[in-house]
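Visitor: missing the sequence, but the structure's below:
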């Protein structure tokens, strides 16, 4: 995501809901459109603009999920229900990825830490309880 007037967010895909929803909410708040997600009937114009942003920031193969939605809240809730996986399999996969996280050759420390934080965010979003301190230990090990 770039700062300043130009903001870019990686489009939602099957594996990045945890980070996407945080960034998308921040973008919608920044654009003063979040009220359209929270209460579309009281803020119909903001809801339509927020729906447009949400639709623009999903991968093409996910457009069917939001394409028929009438409000930003409907789209937001549908995406959350669909992609915020809380299954034990997803938790196990993310925990295993975090446990085996290693800094790549030539990878900067900041990119390595960011990868770890993204995994942590996605893991916590599944309902898995993990302290930030555990993430710090895992990053030091890797």
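Guide: Received, thanks. Every value quoted in this text rests on a predicted model; they were computed, and no experiment measured them.
Visitor: Please make it C-alpha for all contacts and neighbour counts, starting now.
Guide: Will do.
Visitor: can you list the domains in this protein?
Guide: For the chain, automatic domain parsing gives the domain ranges 17-83, 88-141.
Visitor: wait, which of these is closest to residue 8?
Guide: Nearest to residue 8, of all the domains of the chain, is domain 17-83, at 9.2 Å by C-alpha to C-alpha.
Visitor: How far off centre is that closest one?
Guide: 12 Å (C-alpha atoms, centre = their mean, to the nearest Å).
Visitor: average model confidence for it?
Guide: For domain 17-83, the mean per-residue pLDDT is 92.
Visitor: Now do that domain: distance from first to last residue.
Guide: Domain 17-83 stretches 6 Å from its first residue to its last (C-alpha to C-alpha, to the nearest Å).
Visitor: just use 20 as the starting number from now, easier for me
Guide: Noted, 20 is the first residue going forward, which turns the last one into domain 36-102.
Visitor: contact partners of the helix of greatest length in the chain?
Guide: Using DSSP state H to define each element, the chain has its longest helix at helix 128-144. With contacts defined as C-alpha atoms under 8 Å, 6 or more residues apart in numbering, helix 128-144 is touched by 35-38, 103, 105, 110, 113-114, 116-117, 120-123, 149, 154, 158.
Visitor: Likewise for stretch 75-86?
Guide: Defining contact as C-alpha under 8 Å, 6+ apart, one finds that stretch 75-86 is touched by 28-32, 74, 94, 97-98.
Visitor: Same question for stretch 34-51.
Guide: Identification of contacts with stretch 34-51 by C-alpha under 8 Å, 6+ apart yields 26, 28-31, 53, 65, 69, 72-73, 99, 102-103, 137, 140-141, 144.
Visitor: Show the buried residues in these.
Guide: Among these, the ones that count as buried by 16 or more other C-alpha atoms under 10 Å are 30-31, 53, 65, 69, 72-73, 102-103, 140-141, 144.
Visitor: Show me those residues that map onto helices.
Guide: Using DSSP H, the subset of those located in helices is 53, 65, 69, 72-73, 102, 140-141, 144.
Visitor: Using a markdown table, please lay out the residues you listed together with distance to residue 81.
Guide: Listed next are these as a markdown table, based on distance: C-alpha to C-alpha, whole Å:
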| residue | distance to residue 81 |
| --- | --- |
| 53 | 22 |
| 65 | 22 |
| 69 | 17 |
| 72 | 14 |
| 73 | 11 |
| 102 | 10 |
| 140 | 22 |
| 141 | 19 |
| 144 | 20 |
